[in-house]
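Q: need a structure here:
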Amino acid sequence: MKIIIFGANELGLMIATEFYTDNDITVIDDEQYKVEAFNKLDISFITGNASNIEILKQAKIKDAEVFIACTASDELNIVACLTAKRISTVKTICFVRKEEYKYSLGLAKDAEYNCDFYVDNVIWPEELLTQEIFRIITVAKALDVEHFADGRARLLEYKIAPNSVLVNGMVKNCNFPKDTLIVGITRGDELFIPNGETILHENDKIIFMGLSNSLDILAGKFFHEKEFVKTVVIIGGGNVGLKLAKKLENLKLNLKIIEKDDARCEYLAQELDNTLIINGDGTDLELLNEEDVASADVVVSVTNNDEKNLLCSLLVKHLGAGRVISRVTKTTNVTLFERVGIDITISSRTAALNEIKNNIKETNIGILATVEQGKGEVLVIEIPENYESKKIMDIKLPAKAIVGIIQRRKRIIIPNGATQVTSGDNLIIFTTSENAPIIKEFFEEIA
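A: Coordinates of the predicted model:
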């Protein structure tokens, strides 16, 4: 596949790095190799502005399947996508940072509007970030939460506490509720797929898939005493903090936002109905003590500065906060945050990359989610109509993977080895990122 990326920044590098091995990548930017790491990739580079038709022609836009605009300018991205759409049939993906552009461009595709050219997909990373944080907050003690099949099935990730009954237990003897499966374990820096003989250790991060109600039972039995999150403190009242608070207000939670800017505090007070707005600095230890931030069920630091988020998160952890979620802008900082003890790090760029993967899939295989900063992938496989039914135990996968969920029309099945896979099924499969290409190739061959 030929993919053109407009923007030689860190986001463009992340996208190019993900796709360059199996695709023909061309990067366009006014400044050649703004990010030095582009030099290590086998890609083409064109110096110029992708809103210029001649530059797009030079990049062979008519031969491209996908055009991604991810510069720091919303307006430049939009114009480039519309220009590319006007002179070719390429699929366009446009990154924006302003909420109004996200919805205005979405409207342009509606049938009630007559438009000769438009943007196929608009990605607002802050929205994806907010949605991911919201999912995690709403499940007590969870490190990651993903919803499948309209919420009837889920993926949940938990850490095993030192005093847990699961410590030193063998997976097959843990008596997890029916319709739940362990699909992955992260131990240290390694993510692996367990079997029934695997021994669980303290501080293991366990990834489960299953029916939502069964996972609720599992969570209450093994991972937390109380069922609901009741109090949340948000440090940072920017776009993400505001959108997150609006979503959480619908759940009737006890909410506080700590925001340093006076004018922004006044704006937040106008926009939010049931959130306490505190004008102060999230790095002020005295303020954090006065507001008893450590007693909150969840503390979320979502300023637009990684260093400040790290400091705020470390301070509230020092004060005894139970679960801390921190926003990370630079993906290279994720490992640092985790190593110093931050419970959950969320990157808008990782969420955006997953969205791109889903938007440009060419086969019967898509990516529903990634976990553990891309170390694991959740794949959805559409089984073709001419497929001869087989038991899962008889499907000889070429690499380690677990079929966690089968969606059969309106029915959701949490399978075992004897479960039949039939034509028309959608399989939701968990595997490591290392094994994902092997699993994809295997199912592409049966399509």
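Q: low-confidence ranges in the stretch 301-447 of the chain?
A: Counting by pLDDT under 70, the ranges of the stretch 301-447 of the chain that qualify are 361-364, 447.
Q: which parts of it are strands?
A: Listed in chain order, the strands of the stretch 301-447 of the chain (DSSP state E, counting those that start in this stretch) span residues 324-328, 344-347, 365-371, 376-382, 390-391, 401-408, 411-413, 420-421, 426-432.
Q: next: the stretch 1-150 of the chain.
A: When secondary structure is read from DSSP E, counting those that start in this stretch, the stretch 1-150 of the chain shows strands at 2-6, 24-29, 44-47, 66-69, 91-95, 121-123, 144-148.
Q: and the ones you listed as TSV, adding distance to residue 371 and mean neighbour count?
A: Every C-beta, even on glycine, is put in place using the N, C-alpha and C of the backbone. Putting the strands of the stretch 1-150 of the chain into TSV (distance: least, CB to CB, whole Å; neighbours: other CB atoms under 10 Å) gives the following:
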stretch	distance to residue 371	mean neighbour count
strand 2-6	25	26
strand 24-29	26	24
strand 44-47	33	15
strand 66-69	24	28
strand 91-95	23	25
strand 121-123	20	22
strand 144-148	6	19
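Q: those: which one's closest to residue 367?
A: Taking CB to CB, strand 144-148 is the member of these nearest to residue 367, at 11.3 Å.
Q: now the angle between strand 401-408 and the closest one, please.
A: 40 degrees (axes from the mean of the first three to the mean of the last three CA atoms, to 10 degrees).
Q: quick one, strand 144-148 and strand 376-382 angle?
A: Going by the same axes, to 10 degrees, strand 144-148 is angled at 0 degrees with respect to strand 376-382.
Q: centroid-nearest residue for the chain?
A: Nearest to the centroid of the C-alpha atoms of the chain, with distances taken as CA atoms, centre = their mean, sits residue 351, at 3.5 Å.
Q: hang on, that one packs against residue 133?
A: No. With contact defined as CB atoms under 8 Å, residue 351 does not count as touching residue 133 (9.9 Å).
Q: got the confidence number for the residue lying farthest from the centre of the chain?
A: For the chain, the C-alpha lying farthest from the average C-alpha position belongs to residue 54; by CA atoms, centre = their mean, that distance is 35.8 Å. What the model reports for residue 54 is a pLDDT of 95.
Q: excluding chain neighbours, what is closest to it?
A: Of all residues not flanking residue 54 in the chain, residue 48 sits nearest, at 8.0 Å (CB to CB, 6 or more residues apart in numbering).
Q: and if you look at residue 58?
A: Leaving aside its sequence neighbours, residue 58 is closest to residue 46 (5.7 Å, by CB to CB, 6+ apart).
Q: residues contacting the one you found?
A: Listed by CB atoms under 8 Å, 6 or more residues apart in numbering, the contact partners of residue 46 are 26, 27, 28, 55, 58, 59.
Q: likewise residue 77?
A: 6, 7, 69, 70, 71, 94, 95, 96.
Q: the same query, at a cut-off of 6 Å, please.
A: Contacts for residue 77 were tallied using CB atoms under 6 Å, 6 or more residues apart in numbering; they are 69, 71, 94, 95.
Q: can you redo these as a markdown table with distance to residue 311 and pLDDT?
A: Converted to a markdown table, the contacts of residue 77 look like this (distance: CB to CB, whole Å; pLDDT from 0 to 100):
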| residue | distance to residue 311 | pLDDT |
| --- | --- | --- |
| 69 | 34 | 96 |
| 71 | 30 | 93 |
| 94 | 34 | 94 |
| 95 | 28 | 94 |
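Q: which two among these are spaced furthest apart?
A: Among the contacts of residue 77, 71 and 94 lie farthest apart (CB to CB), at 10.2 Å.
Q: which parts of this structure are helices?
A: In the chain, the segments counted as helices under DSSP state H are 10-19, 53-58, 74-87, 99-107, 125-137, 212-222, 239-249, 262-271, 285-290, 306-318, 334-339, 348-359, 436-446.
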